[in-house]
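Novice: starting from these lines, generate the structure:
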Amino acid sequence: MARIVLGLATSHSPMLTTPWEQWDGRVAADRQNADLRFRGGTYNFDQLIELRRDENLGREVTPELWGARHLACQTAIAALARKFEETAPDAVVIIGNDQHELFTEENFPAFSVYWGETIENRPRTAEQTANLPPGVAIAERGHAPPEDAVYPGHPAFGRHIIESLMEAEFDVGQSVKIPKGSGYVNGVSHAFGFIYRRIMNDRVIPNVPINLNTFYPPNQPTAERFYKFGKALKLAIDSWDGDKTVAVIASGGLSHFVIDETVDRPVLDALKTNNPAGLTTIPEDHYQSGTSEIKNWIPLSAVMTDAGLDMTLLDYVPCYRSEAGTGNAMGFAYWE
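Specialist: Numbering: from 1, shown residues only. Model prediction:
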């Protein structure tokens with residue numbers, strides 16, 4: 001019987017690998033974005049400035065704060081990496097989401113488990129890099145190595161998880177080869193690449209990536225469904241026939257591309273107190289766009305609660321990059 005010994009959760013934003021002096025590199029794109037989601041509404045940049053005028057978010061956008069917040073994030077990531085190295089699990093389950101990287105409108109599963117022998121992670125070509133939106137290429141090394149890398153999957157464990165989830169009435173997608181997808185990345189999604197590069201420091205151990213569709217209608221599972229998925233995943237890990245230690249990692253979040261601390265802070269409180277209702281009663285229209293990645297933390301919470309492991313919140317760092325509140329709120333936590 002496998003034993004869960006560690007849980008980790010981390011944001012994976014490009015801002016985490018971008019020098020703070022260049023955090024404004026995405027603001028031009030923010031200004032042109034007419035699809036900024038915030039508390040169930042959709043706004044453009046100027047509308048958000050007006051809507052949030054009383055918050056005086058301009059005071060959050062200073063070199064001093066950017067530098068301090070960037071340092072806080074790097075400190076938390078380093079602490080998670082040390083915790084992972086010290087624990088040294090035999091196998092890892094990584095919960096993340098795909099943003100039209102591996103999956104497209106041709107086929108976008110709600111849940112998908114990868115159980116191949118190997119996991120490819122390759123840098124973008126010069127042509128791909130040249131076609132990236134502003135402020136994205138600079139963060140490439142945060143999730144993709146400078147040279148081709150091939151990591152170990154865990155076919156036996158992955159197949160067991162798939163079969164166990166099917167028995168629990170979760171009809172999951174499955175693959176033993178990484179889909180070609182949109183051609184936006186060469187290999188695994190950035191949600192997983194960030195874990196390999198920044199948490200495992202390229203010393204990747206056998207792992208099972210699980211893709212959740214948090215972003216894209218119409219088949220986004222609800223927060224409650226994701227919590228139930230986590231409980232089923234816990235049973236799957238427990239029933240794996242092997243005297244192995246397992247870590248479970250959630251990658252993504254917290255609120256973005258518009259920061260909303262009124263969502264993040266109750267979520268973190270609910271995670272800390274093992275309160276599923278605090279996660280599942282937040283309106284679904286608040287769990288949209290980048291903020292939907294909080295849903296990667298929800299099944300992890302269910303696993304950790306049932307495993308009897310306690311959460312330590314290392315840090316919560318709202319990294320505003322504009323007076324409209326655009327940016328990424330970063331969260332870093334572990335369970336042991």
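Novice: give the contact list for the residue nearest to His190 when sequence neighbours are not counted.
Specialist: The shortest distance from His190 to any non-neighbouring residue, by CB to CB, 6 or more residues apart in numbering, is to His143 (4.1 Å). Using the backbone N, CA and C atoms, a C-beta is placed for each residue, glycine as well. His143 makes contact with His12, Thr17, Asn121, His190, Gly193, Phe194, Tyr196, Arg197, according to CB atoms under 8 Å, 6 or more residues apart in numbering.
Novice: what's around Thr326, how many residues?
Specialist: The local packing of Thr326 (other CB atoms under 10 Å) involves 24 other residues.
Novice: ugh, typo on my part, it should be Trp23
Specialist: Around Trp23 there are 24 other residues, counting by other CB under 10 Å.
Novice: one more: Asp35?
Specialist: Look at Asp35: counted by other CB under 10 Å, it has 9 neighbours.
Novice: ok, now the one 4 residues further on?
Specialist: Using other CB under 10 Å as the criterion, Arg39 is surrounded by 16 other residues.
Novice: name the nearest residue to it, sequence neighbours excluded.
Specialist: His286 (6.0 Å).
Novice: and that neighbour, how many neighbours?
Specialist: 19.
Novice: cool, Glu55 as well?
Specialist: For Glu55, the count of nearby residues is 13 (other CB under 10 Å).
Novice: how much space separates the residue sitting furthest away from the middle of the chain from Asp238?
Specialist: If you look at how far each residue of the chain sits from its centre, by CA atoms, centre = their mean, the farthest one is Asp54, at 30.4 Å. Distance of Asp54 to Asp238, computed by CB to CB, to the nearest Å: 49 Å.
Novice: with Trp297 instead?
Specialist: In terms of CB to CB, Trp297 sits 20 Å off from Asp238.
Novice: rewinding a little: confidence score at the residue farthest from the centre of the chain?
Specialist: We have a pLDDT of 97 for Asp54.
Novice: Val92 against Arg203, yeah?
Specialist: No: shown here, Val92 and Arg203 do not form a contact pair, counting by CB atoms under 8 Å, at 11.8 Å.
Novice: I'd like to know how far the nearest residue to Arg203 once chain neighbours are set aside sits from Gln174.
Specialist: Of all residues not flanking Arg203 in the chain, Glu85 sits nearest, at 8.0 Å (CB to CB, 6+ apart). Here Glu85 is placed at a distance of 30 Å from Gln174 (CB to CB).
Novice: with that, I have no additional questions.
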